[in-house]
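# Quick one, structure for this:
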Amino acid sequence: PSLAKAEGLRVQGCKGSRKIFLMKKTGYIFIIFICLLFFSPALSHTKTYIDIDSPSFRRFPIAITYFKDIKGKDNKGDISKEIFEVLTQDLEISGFFAIIDPSLFIESPVDSKSGNDNKINFRDWSAIGAEALVKGSFRFDNGNLEIEAKLYDVFQGRFLLGKRYVGKRQDIRKMIHRFCNEILLSFTGEKGVFDTKIAFVSDESGYKEIYVIDFDGHNMIKITNHKSIALSPAWSPNGKMIAFTSYKDGNPDLYVKDIIVNKDDRISHYKGLNIAPAWFPDGRKLAVTLSLEGNPEIYVLDKEGKRLKRLTNDWGIDVSPTLSPDGKEIAFVSDRSGNPDIYVMNSQGEDVKRLTFQRNYSASPKWSPKGDKIAFSSLAEGHFDIYTMNPDGTDVRRLTSNSGDNEYPSWSPNGRFLTFTSARGGNKRIYIMRADGSGQRQIGAFKGNQLNPCWSPRLQ
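A predicted model of the protein is given here:
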């Protein structure tokens, strides 16, 4: 099934509430309603609880209770446990919250699961150091799941946010990811990335194919079946297409996969290399590497494959273009100085400058969504590690230092995280980490090797 069959999203407003319809086309259609339970303009993200750009910010203490089962259908507690685990995981990954140990809760288990605002003793929660509180309830009946989730400010003893979600049992993670986005927005003024996806290459089928997973490694979907070698997935700015290289017909050709209609089209099949696609911010053009004139050089194509312009022209190999957020500059890899290094030029191929020096091999540059950093991999001490630097090549920082290669960095859409490939455990696996290198963790546990991860934009 295509990614579109797994998830297509439409947002519609309604009086006093918001409805989000989530449609699956795998034989049935289900609907997720997200309704704002209580809304006051005075509470509409006017207060920033966490200054995430402050160098001295502290993690915000938050307590998460097990949600109450209203219908009593969750006999083994599986739903309540999963809600708690996803909430805890998402908020921990964010790096902005300190989760209070449930063993410290003073409130009785019965009261703790209650969704009744009148029964909340904020003094008890304050006594254990909590400054925020998540409570909720759910109803599971005949395969349908309804979750009501609430967020409270413990210090001020007030309700902050409430959402109601309705869907199927298998939608539980999507529901909680969306609520965690709302929590982050309430406390930081910035939406989270908990409902984004990561495209990558895996050889678990015996071939290298493109797959997509949720940011936390769940819900893997295979989106190519070329039974060959597919490489370098690149999301379009609107999240509706993925460009990639495939050897399906023997030559490394460029394809664009429309994940809404589940169709891929070959857009470039010049003789030689057609590799390393990178979208311009307008979603109409791609920077790619072609070797149709002999030497691998960087060109601009439109998304139908029409060759618009050649940008580089030198004796070296020029590959791996990445666009700045405003589309005015392109960073790329070239060995024109001897070893592969990172260079930058304007979008017309002019004003070329070298950014990396004194390294044996630098590769895979990726420009951050905010335009303030370029991530790349570089060879040091016998293996590759992930680094970041300013767009002018200054302030180089090493983010990984594990045994095994760490390669192919890709930014989250808010620039707070990076995904990358690491061979620290033997096989190549997909990892994520915060932009400062902290919080490194493997996501997913799949067969074979995984590489070339590319983080999606916020899907539209």
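# shaky segments in the chain?
Applying pLDDT under 70 to the chain flags residues 1-48, 50-56, 75, 108-118, 460.
# What backbone torsions are found at M175?
Backbone torsions for M175, taken as degrees, to the nearest 10, come to phi -60, psi -50.
# Verify the contact between it and R169 for me.
No - taking contacts as C-beta atoms under 8 Å, M175 lies outside contact range of R169: 10.6 Å. C-beta coordinates here come from the backbone N, C-alpha and C atoms, glycine included.
# Quickly list what's touching both of these two.
Shared contacts of M175 and R169 (C-beta atoms under 8 Å, 6 or more residues apart in numbering): L145.
# Tell me which of those two has more neighbours.
A count of neighbours by other C-beta atoms under 10 Å puts M175 above the other of M175 and R169, at 24 against 12.
# Which parts of the protein are helices?
Along the chain, counting by DSSP state H, helices occupy 3-6, 78-94, 109-112, 122-127, 172-188.
# can I assume E297 is in contact with A276?
No - E297 is beyond contact range of A276, at 11.4 Å (criterion: C-beta under 8 Å).
# the more surrounded of these two?
A276 (28 against 23).
# right, and the more buried one touches T322 too?
No - between A276 and T322 there is no contact under C-beta under 8 Å: 9.2 Å.
# show me the contacts for P237.
Here P237 is in contact with W279, P281, D282, G283, P457 (C-beta under 8 Å, 6+ apart).
# could those go into CSV alongside neighbour count and distance to D264?
Listed next are the contacts of P237 as CSV, based on neighbours: other C-beta atoms under 10 Å; distance: C-beta to C-beta, whole Å:
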residue, neighbour count, distance to D264
W279, 24, 16
P281, 13, 23
D282, 9, 21
G283, 15, 17
P457, 19, 19
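# any shared contact partners between E297 and A276?
The contact lists of E297 and A276 share T289, where a contact means C-beta under 8 Å, 6+ apart.
# Is the closest residue to A276 other than its chain neighbours bridged to anything, and to what?
Nearest non-adjacent residue to A276, counting by C-beta to C-beta, 6 or more residues apart in numbering: T289, 4.7 Å away. Counting by DSSP bridges, T289 forms beta bridges with I275, I298.
# same check, this time on F138
Counting by DSSP bridges, the residues bridging with F138 are D69, I147.
# Pretty sure V193 sits against G415.
No - the pair V193 / G415 is not scored as a contact, 9.7 Å apart, by C-beta under 8 Å.
# Between the two, which has more neighbouring residues?
Here V193 and G415 are compared on neighbour count by other C-beta under 10 Å; more neighbours surround V193, at 26 against 16.
# With A375 as the reference, measure out to T322.
As for T322, its distance to A375 is 9 Å (criterion: C-beta to C-beta, to the nearest Å).
# Pick out whichever of these two has more residues nearby.
Legend: neighbour count by other C-beta under 10 Å for T322 and A375, higher for T322 (26 against 23).
# The more buried one bridge partners, please.
Counting by DSSP bridges, the residues bridging with T322 are A331.
# pretty sure it is touching A331, no?
Yes - here T322 reaches A331: they are 5.0 Å apart, a contact under C-beta under 8 Å.
# Overlap of the contact sets of the two?
If you check T322 and A331 against C-beta under 8 Å, 6+ apart, the residues they both contact are P365, W367, I374.
# got JSON lines for those, with neighbour count too?
What follows is the shared contacts of T322 and A331, written out as JSON lines (neighbours: other C-beta atoms under 10 Å):
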{"residue": "P365", "neighbour count": "25"}
{"residue": "W367", "neighbour count": "23"}
{"residue": "I374", "neighbour count": "27"}
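# Nearest to V212, out of those residues: which one, please.
Proximity of the shared contacts of T322 and A331 to V212 (C-beta to C-beta) peaks at W367, which lies at 21.9 Å.
# Contact partners for the closest one?
W367 is in contact with T322, L323, S324, P325, E329, A331, K373, I374, P391, W411, counting by C-beta under 8 Å, 6+ apart.
# roughly how far apart are the nearest residue to the last one once chain neighbours are set aside and R336?
For W411, the nearest residue in space outside its immediate sequence neighbours is S368; the separation is 5.1 Å by C-beta to C-beta, 6+ apart. As for S368, its distance to R336 is 25 Å (criterion: C-beta to C-beta).
# Give me the more crowded residue out of these two.
When S368 and R336 are compared on other C-beta under 10 Å, the one with more neighbours turns out to be S368, at 22 against 16.
# quick one on the thing from earlier: quick one: common contacting residues for T322 and A375?
What both T322 and A375 touch, as defined by C-beta under 8 Å, 6+ apart, is the set P365, K366.
# if I pick R434, what's in contact with it?
Applying C-beta under 8 Å, 6+ apart to R434 gives the contacts G95, R416, F417, L418.
# and K76, how many residues sit next to it?
K76 has 7 neighbouring residues, counting by other C-beta under 10 Å.
# gap between it and K150?
Distance from K76 to K150, by C-beta to C-beta: 24 Å.
# how about F332, what does it touch?
Neighbours of F332 in contact, by C-beta under 8 Å, 6+ apart: I298, T312, D318, V319, S320, P321, T322, I342, Y343, V344, M345, P365.
# one more time with 7 Å, if that's ok
By C-beta atoms under 7 Å, 6 or more residues apart in numbering, the contact set of F332 is I298, D318, V319, S320, P321, Y343, P365.
# Would you format those residues as a markdown table with distance to K447 included?
Formatted as a markdown table, the contacts of F332 follow (distance: C-beta to C-beta, whole Å):
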| residue | distance to K447 |
| --- | --- |
| I298 | 35 |
| D318 | 35 |
| V319 | 29 |
| S320 | 28 |
| P321 | 32 |
| Y343 | 37 |
| P365 | 30 |
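# are any of those buried, and which?
Buried members of those, scored by 16 or more other C-beta atoms under 10 Å, are I298, D318, V319, S320, P321, Y343, P365.
# Among the contacts of F332, which one lies nearest to F200?
Closest to F200, out of all of those and judged by C-beta to C-beta, is S320, at 16.5 Å.
# for the closest one, what are its contacts?
A276, F332, V333, A363, S364, P365.
# how close does it sit to I330?
S320 is 10 Å from I330, by C-beta to C-beta.
# and if you look at N262?
Remark: distance between N262 and I330 (C-beta to C-beta) = 31 Å.
# Show me which of those two is the more surrounded one.
Higher neighbour count among N262 and I330: I330, with 26 against 14, using other C-beta under 10 Å.
# Not including adjacent chain positions, what is the nearest residue to that one?
Nearest to I330 is P321, by C-beta to C-beta, 6+ apart, at 5.1 Å.
# contacting residues for the one you found?
Per C-beta under 7 Å, 6+ apart, neighbours of P321: A276, A278, A287, I298, I330, F332.
# Just confirm the first one contacts V319, I think it does.
Yes - proximity of A276 to V319 meets the contact threshold set by C-beta atoms under 7 Å, at 5.4 Å.
# which residues are in contact with both of these two?
T289.
# sorry, back to before: nearest to G189, of the shared contacts of T322 and A331?
Out of those, the member with the shortest distance to G189 (by C-beta to C-beta) is W367, at 23.8 Å.
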